[in-house]
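**Q** no letters, just coordinates:
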C-alpha cells in the first residue's frame, strides 16, 4: 500500500487481530483513514484504556476494571450457585437469558493440551478454592459442548466430586425453534436419553 | 460481556471496523486482552499515529505522510504514463507486478450514485488537471471490472478524450493459470474479441 510506513505499520497491527488477514487489514485501514478517522481515534483510545485498565476479578476471574467485578459484588445474587463458563462472552450469553441468578467463575479458556493449555492456565486451582469456600452448594458446568469444553468439564468434575458439592451440567438437547429433521443425530440421541 | 465499561467501549469501537460484527468484536477484544496486550498497545499506537499523520499525496492523491509521496518523487518513473486506480491496495497490486514504471492517480473510491459518491468525491477534477498538465501522454484506466469501476472508467474517458490523450484500459481476458471450462462466459467473449 504505497510508501506510507505509518500505513504499513497500521496494516501489520490490524493483522494481529484474530481472523484478520492482509486483505482485510488493508480494507480496514483504508476504511478508517478514508472514511472514519474519528473511529480510528476512538478505537485507539479504547485499546489503550482497556489494555491498561482491564484486569481479572479476584473472585470470578472475569474481565473488570476493579478488584472485584460488579456481578460478584451484587448482594441479590444467590451465592450458593456457581456457574463455570469458558469466556466473558459465554457469561454474557447466560446473563442475557435472565434465567440464572447465581455467581460465575470464568475460566478464560479451556483445557487444550495440543495448544499447551493445562489446568494452571485456566485457573482450576483457583476455581477449586472458590468452589470449596463454604458458600457454594452447586457448581453448574457451562463449558461448551465441544471436545475441549467437555474435557474441561470432566477435569473440573473429577477435581470437585470428592468435596460434597452438587455438580450439574447444562442440558443437552434439541435447540428451541429447530426442526428434528435438521438436528444432528448425537443431539437427538442425548435429547432422547435426557427426556422429561 | 460482564460489567466492564472499558471492555464494552472497546467492543463497540472494534464493531466500527468494516466486516466486524458484535461476535467478532468480542472475540477480538477477548484475544487482545487475554493473550496479546502488547498487540493491543501496538494497534492503539499505530491507529493514533496513522490517523494523525497520514494525508493525501498532492499529486496522486494516495495515502502518504508527506506532501508528495515517494512514488511521485521517484525520478526513474516514466512521467508520460498515468495509471488510474481506485484504491492504494490496487496501486500496491500493480506495483508488485513490476510491469508498470509510470505514475499513478488514486481515486480513493469509485463513482457510486446509490451511495452518494459523485465525481467530486473521487477527485475527477484533480485527475483531469493532473492528466492535462503537459507531461502525461497516456492514461491507463485500471479501475475494477465491476459495474461501478466501469462507470468510473467511462466517466474519466468522457472527460479526457477531447484533450488529445491516449486512453487505454487494462486488458480483459482469461486469468493466468485458469481453465476455460471454469471461466465465466463474459470473460471468454472478451478474450475472443481482444485476441492477439
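**A** Perfect, I can see it now. The structure displayed is predicted, hence computed values, not measured ones. Numbers count the residues shown, from 1 in each chain, chains lettered A, B, ... in the order given.

**Q** use CA for all of it now, contacts and neighbours both
**A** Fine.

**Q** just the pLDDT at the residue positioned nearest the centre of chain A, thanks.
**A** Compute the mean C-alpha point of chain A, and by C-alpha atoms, centre = their mean the closest residue is residue A:87, 0.8 Å away. Turning to residue A:87, the model gives it a pLDDT of 93.

**Q** which one is it nearest to, not counting chain neighbours?
**A** Spatially, and ignoring its direct neighbours in sequence, residue A:87 is nearest to residue A:108 (5.0 Å; C-alpha to C-alpha, 6 or more residues apart in numbering or on different chains).

**Q** show me the contacts for the one you found.
**A** Residues near residue A:108 by C-alpha atoms under 8 Å, 6 or more residues apart in numbering or on different chains: A:61-62, A:86-88, A:122, B:34.

**Q** what is the most widely separated pair among the residues you listed?
**A** Largest separation among the contacts of residue A:108 by C-alpha to C-alpha: A:88 and A:122, giving 13.1 Å.

**Q** mind checking which of the two has more residues around it?
**A** Per other C-alpha atoms under 10 Å in any protein chain shown, whichever of residue A:88 and residue A:122 has more neighbours is residue A:88, with 24 against 20.

**Q** what is the neighbour count of residue A:147?
**A** 11.

**Q** top helix in chain A by residue count?
**A** helix A:37-53 (DSSP state H).

**Q** now do the buried residues in that helix.
**A** Across helix A:37-53, burial judged by 16 or more other C-alpha atoms under 10 Å in any protein chain shown covers A:37, A:39-51.

**Q** find the closest residue to chain B in chain A.
**A** residue A:44 (4.1 Å; C-alpha to the nearest C-alpha).

**Q** thought that residue was touching residue B:50?
**A** No - contact criterion C-alpha atoms under 8 Å: residue A:44 and residue B:50 do not qualify, at 10.3 Å.

**Q** picking up where we left off before, could I get the contacts of residue A:108 as TSV with distance to residue A:78?
**A** As requested, these are exported to TSV (distance: C-alpha to C-alpha, whole Å):
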residue	distance to residue A:78
A:61	18
A:62	18
A:86	20
A:87	21
A:88	19
A:122	24
B:34	28
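
**Q** residue A:15: how many residues sit nearby?
**A** By other C-alpha under 10 Å, neighbour count at residue A:15 equals 20.

**Q** if you could redo that for residue A:178, that was the one I meant.
**A** Other residues close to residue A:178 by other C-alpha under 10 Å number 9.

**Q** over to the one 10 residues further on?
**A** Each residue near residue A:188 was counted by other C-alpha under 10 Å, and the total is 16.

**Q** how about residue A:190?
**A** For residue A:190, using other C-alpha under 10 Å, the count is 14.

**Q** spit out the contact partners of it.
**A** Contacts of residue A:190 (C-alpha under 8 Å, 6+ apart): A:172-173.

**Q** can you list the strands that the longest strand along chain A pairs with?
**A** Determined from DSSP state E, the single longest strand within chain A is strand A:78-85. Applying DSSP bridges, strand A:78-85 is found paired with strand A:102-106 (parallel), strand A:138-141 (parallel).

**Q** hmm, back to that, what helices or strands is the longest helix of chain A leaning on?
**A** helix A:22-35, helix B:5-15, helix B:37-53 (3 or more C-alpha pairs under 8 Å, 6 or more residues apart in numbering or on different chains; DSSP states H and E).

**Q** low-confidence stretches in chain A?
**A** In the predicted model of chain A, residues A:1-4 satisfy pLDDT under 70.

**Q** could you rerun that using 90?
**A** For chain A, the stretches with pLDDT under 90 are A:1-5, A:96, A:98, A:113, A:115, A:121, A:133-134, A:161-165, A:171-196.

**Q** circling back to that earlier point, among the contacts of residue A:108, which are in strands?
**A** Short answer: these have none in strands (DSSP E).

**Q** tell me which entries of these lie within helices.
**A** A:88, B:34.

**Q** between the contacts of residue A:108, which is nearest residue A:6?
**A** Of the contacts of residue A:108, the one sitting nearest to residue A:6 (C-alpha to C-alpha) turns out to be residue B:34, at 26.4 Å.

**Q** what about the closest one, how many residues nearby?
**A** 16.

**Q** so what's it up against?
**A** residue A:108.

**Q** quick one: buried residues of stretch A:79-91?
**A** For stretch A:79-91, a neighbour-count test (16+ other C-alpha under 10 Å) marks A:79, A:81-91 as buried.

**Q** can you add distance to residue A:117 and give these back as a markdown table?
**A** Listed next are the buried residues of stretch A:79-91 as a markdown table, based on distance: C-alpha to C-alpha, whole Å:
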| residue | distance to residue A:117 |
| --- | --- |
| A:79 | 29 |
| A:81 | 27 |
| A:82 | 23 |
| A:83 | 21 |
| A:84 | 17 |
| A:85 | 16 |
| A:86 | 13 |
| A:87 | 15 |
| A:88 | 18 |
| A:89 | 19 |
| A:90 | 19 |
| A:91 | 21 |
